[in-house]
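> just a sequence and a predicted model for now, questions to come.
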Amino acid sequence: MSGRSRIEAVVGRTLFDDADDLALAMPASCQRSGRCHECVVEVTDGGDALSPPTAAESFLRAPYRLACQADVVVGDAVIEFRPLRRRLRILTGDVEPEGPHPMGADDLDVPVTRTSGAVTYDGEVVDVDRGRLLGLAIDLGTTTVVVEVVDLETGAMLAVAALENPQSFGGSDVMNRISYDGAHSGELRRALVRAIDHELREICRDLGIDRRVIHEAVVVGNATMRDLLFGIDVSSIGQRPYKSVTELDLLAGTRTSTALVERAHRIGLWMHPQGRVVSPPLIASHVGADVAADLVALDAASLHGTWMLVDIGTNTEVVVSDGQRILAASCPAGPAFEGGLVRYGMPGAEGAIERIRMIDGGWAIETIGRVTAEGICGSGLIDLLAELRRHDRMTPKGVFADRAGEIVVEPGRGITLSREDASNLAQAKAANACGQAILLRRLGIDPGQLDQVFLAGGFATHIDVANAIDIGFLAAVRIDRVRKVGNASVRGARRLLLSRRRRAELDALVARIDHVELETAPDFFELFVDACQFKPMEAA
């Protein structure tokens with residue numbers, strides 16, 4: 001079960017007991033004592049029927065609880081909750097042919113080799129030969145985490161897992177998580193490492209492998225997600241000039257790159273303890289190593305003509321080139337299209353409504369997995385907004401017909417879209433729109449003149465492009481020039497894992513990119529207010 005679980009309250013039981021009855025995968029390694037902090041749940045209804053938070057839950061704020069500490073104290077109530085670790089749909093794309101071999105054997109250029117019964121890393125003996133050499137490509141999204149296990153000798157992808165980022169108890173966006181980490185240092189990092197290691201243990205068990213054959217991991221993510229994993233203080237990213245400590249050091253001349261290398265045992269990843277965990281350079285500020293990896297997947301250094309990349313997520317990044325210059329910006333879109341700030345919003349997990357059409361005044365829906373609807377993911381929300389506009393059920397300013405307070409989407413499950421939901425979606429959409437409009441204007445490019453448009457990340461693979469253009473989520477580009485490239489970040493991470501040459505090429509490419517702070521545009525506020533309307537985007 002991937003969505004919310006509803007239970008009839010029974011005094012004396014904990015939410016962990018109920019999770020057991022519901023066969024929910026509830027992690028815990030402390031025998032339910034509250035010490036491991038693994039069984040975090042979000043209580044979405046009926047929290048008043050539970051005992052007050054215990055001292056073990058002091059790192060959490062409402063509506064989050066530790067399932068093992070939340071006792072039912074009031075009967076005759078209904079409690080609704082969900083665990084924070086949900087398996088998500090694994091995203092792919094068409095940047096390169098899908099299959100087990102993403103690169104030819106001649107392209108492999110890895111620092112780890114097996115020679116004369118030993119494993120060497122850049123010529124240094126690091127272990128005995130255990131029969132295999134594997135690596136990890138990891139994409140740390142604010143909402144979603146993707147982990148790939150890759151054979152370093154063949155380039156074959158052996159396993160992949162996608163899961164919900166378990167750090168949401170610290171906030172749904174990076175600024176809130178930065179603030180949370182300042183008050184509860186280390187909790188977010190530990191939650192993330194535990195979740196990744198849980199997946200890696202299962203993969204190692206399924207493949208029948210020893211974790212010590214995993215010798216290198218390439219990790220990409222925005223500056224905050226990456227630095228949290230590496231245990232770096234992220235407070236500087238939360239205040240002007242919004243830069244990682246590594247970028248500030250680079251600008252001060254005390255380091256030569258924002259790239260990171262650390263031993264696995266210091267990070268805590270389930271791999272060889274002396275293996276290397278590597279992260280490529282950040283581009284600038286919130287435009288992180290995940291976007292750098294996108295550019296590797298697109299082979300951006302070889303692209304010709306005008307092009308735009310939009311990596312859609314909680315922090316949407318936009319990169320635009322006129323064939324010579326390359327500009328990049330981060331758009332603080334927030335989580336509305338990623339499962340947050342919308343009452344029935346959810347990530348792309350089983351049960352999420354991903355397609356919506358209005359037929360004869362009613363809604364025709366499709367869910368991921370073709371199961372009972374649990375909520376609406378990003379592609380479904382874009383469809384819903386476009387259909388409301390198309391059938392005059394909502395004004396451009398988000399006012400519903402007859403000034404209704406909500407629209408019922410799936411009456412059997414009580415799934416609705418409220419006026420507040422529409423407002424949150426409008427602001428998220430506006431942030432995306434401003435990023436695209438300002439960068440295109442800086443380079444003097446009309447959206448219809450772009451030779452190529454790449455949509456990456458999260459739900460981008462599944463959105464209806466025409467609907468996205470109609471509500472102003474995407475600039476008025478030519479649909480025939482749009483390529484959906486799936487999770488390009490993890491694909492780029494895989495390419496970097498397998499090629500030292502690509503790592504060097506990326507360093508050179510990042511140095512060419514100019515970062516743009518959107519709020520410095522003199523008319524940013526006016527652009528943002530106009531972009532909050534659900535209508536096609538106008539040229540800035």
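Yep, it's here. Residues are numbered from 1 along each chain as shown.
> use CA for all of it now, contacts and neighbours both
OK.
> can you pull the contacts of residue 66?
34, 37-41, 57 (C-alpha atoms under 8 Å, 6 or more residues apart in numbering).
> show me which of those residues is closest to residue 531.
Checking those against residue 531 by C-alpha to C-alpha gives residue 41 as the nearest, at 35.0 Å.
> secondary structure element for the closest one?
Residue 41 is part of strand 40-45 when elements are defined by DSSP states H and E.
> same question for residue 227.
For residue 227, the enclosing helix or strand under DSSP H and E is helix 223-229.
> hmm, residue 29 is touching residue 39, no?
No: with contact defined as C-alpha atoms under 8 Å, residue 29 does not reach residue 39; the gap is 9.2 Å.
> if we can go back for a sec, helix or strand next in line after the helix holding residue 227, which one?
For helix 223-229, the following helix or strand on the C-terminal side (DSSP H and E) is helix 245-252.
> and for the closest residue to residue 26 other than its chain neighbours, the neighbour number?
Closest residue to residue 26 apart from its sequence neighbours, by C-alpha to C-alpha, 6 or more residues apart in numbering: residue 39 at 5.9 Å. Using other C-alpha atoms under 10 Å, residue 39 is surrounded by 23 other residues.
> how much space separates residue 39 from residue 486?
According to C-alpha to C-alpha, to the nearest Å, residue 39 and residue 486 sit 31 Å apart.
> one more: residue 442?
Look at residue 442 and residue 486: by C-alpha to C-alpha, they are 27 Å apart.
> these two: who's more crowded?
Higher neighbour count among residue 442 and residue 486: residue 486, with 25 against 13, using other C-alpha under 10 Å.
> doesn't residue 454 make contact with the more buried one?
No: contact criterion C-alpha under 8 Å: residue 486 and residue 454 do not qualify, at 9.4 Å.
> report the rounded mean pLDDT for the helix or strand following the strand holding residue 41.
Next helix or strand after strand 40-45 toward the C-terminus (DSSP H and E): strand 64-66. Mean pLDDT, computed over strand 64-66, is 93.
> quick check: buried residues in stretch 393-410?
Across stretch 393-410, burial judged by 16 or more other C-alpha atoms under 10 Å covers 393-394, 396, 398-400, 406-407, 409-410.
> can you check stretch 167-178 too?
167-175, 177-178.
> got the end-to-end distance for that stretch?
Stretch 167-178 end-to-end distance (C-alpha to C-alpha) = 11 Å.
> any idea how far that stretch is from the middle of the chain?
12 Å (C-alpha atoms, centre = their mean, to the nearest Å).
> let me know the outermost residue of the chain.
residue 116 (41.4 Å; C-alpha atoms, centre = their mean).
> who's in contact with the helix or strand containing residue 506?
If you go by DSSP H and E, residue 506 is part of helix 500-510. For helix 500-510, contacts defined as C-alpha under 8 Å, 6+ apart pick out 109-111, 280-283, 292, 296, 301, 495-496.
> with just CA atoms, put that helix into CSV.
Below are the C-alpha coordinates for helix 500-510, written out as CSV (Å, rounded to 0.1, in the frame of the first residue of the first chain):
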residue,chain,number,x,y,z
ARG,A,500,37.0,9.8,-16.0
ARG,A,501,37.1,11.6,-19.4
ARG,A,502,33.5,12.7,-18.9
ARG,A,503,34.3,14.0,-15.5
ALA,A,504,37.1,16.2,-16.9
GLU,A,505,34.8,17.4,-19.8
LEU,A,506,32.1,18.4,-17.2
ASP,A,507,34.6,20.5,-15.2
ALA,A,508,35.3,22.4,-18.4
LEU,A,509,31.6,22.8,-19.3
VAL,A,510,30.6,24.0,-15.8
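> tell me the buried residues in that helix?
500, 502-503, 506-507, 509-510.
> stretch 287-301 too?
287-298, 300.
> surely residue 224 touches residue 237?
Yes: taking C-alpha under 8 Å as the definition, residue 224 is a contact partner of residue 237 at 7.0 Å.
> quick one, which of the two is more surrounded?
Shown here are residue 224 and residue 237; by other C-alpha under 10 Å, residue 224 has more neighbours (30 against 22).
> list buried residues within the contacts of helix 500-510.
Applying 16+ other C-alpha under 10 Å to the contacts of helix 500-510, the neighbour count classes 109-111, 280-283, 292, 296, 495-496 as buried.
> tell me the spacing between residue 268 and residue 195.
As judged by C-alpha to C-alpha, residue 268 and residue 195 stand 11 Å apart.
> which of the two has more residues huddled nearby?
Neighbours were counted for residue 268 and for residue 195 using other C-alpha under 10 Å; residue 195 has more, 20 against 17.
> and the more buried one, which helix or strand is it part of?
helix 187-207.
> after whichever strand or helix holds residue 407, next one along is what?
For residue 407, the enclosing helix or strand under DSSP H and E is strand 406-410. The first helix or strand that comes after strand 406-410 along the chain, using DSSP H and E, is strand 415-418.
> which parts of the following helix or strand past that following strand are buried?
Downstream of strand 415-418, the next assigned helix or strand under DSSP H and E is helix 419-442. For helix 419-442, burial by neighbour count (16+ other C-alpha under 10 Å) applies to 419, 421-440.
> what's the answer for stretch 480-493, then?
For stretch 480-493, the buried set under the neighbour-count rule, 16+ other C-alpha under 10 Å, comprises 482-493.
> any chance of these in JSON lines, with distance to residue 152, pLDDT and secondary structure too?
Converted to JSON lines, the buried residues of stretch 480-493 look like this (distance: C-alpha to C-alpha, whole Å; pLDDT from 0 to 100; DSSP: H, G, I helix; E, B strand; the rest coil):
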{"residue": "482", "distance to residue 152": "32", "pLDDT": "97", "secondary structure": "strand"}
{"residue": "483", "distance to residue 152": "29", "pLDDT": "96", "secondary structure": "strand"}
{"residue": "484", "distance to residue 152": "27", "pLDDT": "95", "secondary structure": "strand"}
{"residue": "485", "distance to residue 152": "24", "pLDDT": "94", "secondary structure": "coil"}
{"residue": "486", "distance to residue 152": "23", "pLDDT": "89", "secondary structure": "coil"}
{"residue": "487", "distance to residue 152": "20", "pLDDT": "91", "secondary structure": "coil"}
{"residue": "488", "distance to residue 152": "19", "pLDDT": "95", "secondary structure": "helix"}
{"residue": "489", "distance to residue 152": "19", "pLDDT": "96", "secondary structure": "helix"}
{"residue": "490", "distance to residue 152": "16", "pLDDT": "95", "secondary structure": "helix"}
{"residue": "491", "distance to residue 152": "15", "pLDDT": "95", "secondary structure": "helix"}
{"residue": "492", "distance to residue 152": "15", "pLDDT": "97", "secondary structure": "helix"}
{"residue": "493", "distance to residue 152": "13", "pLDDT": "97", "secondary structure": "helix"}
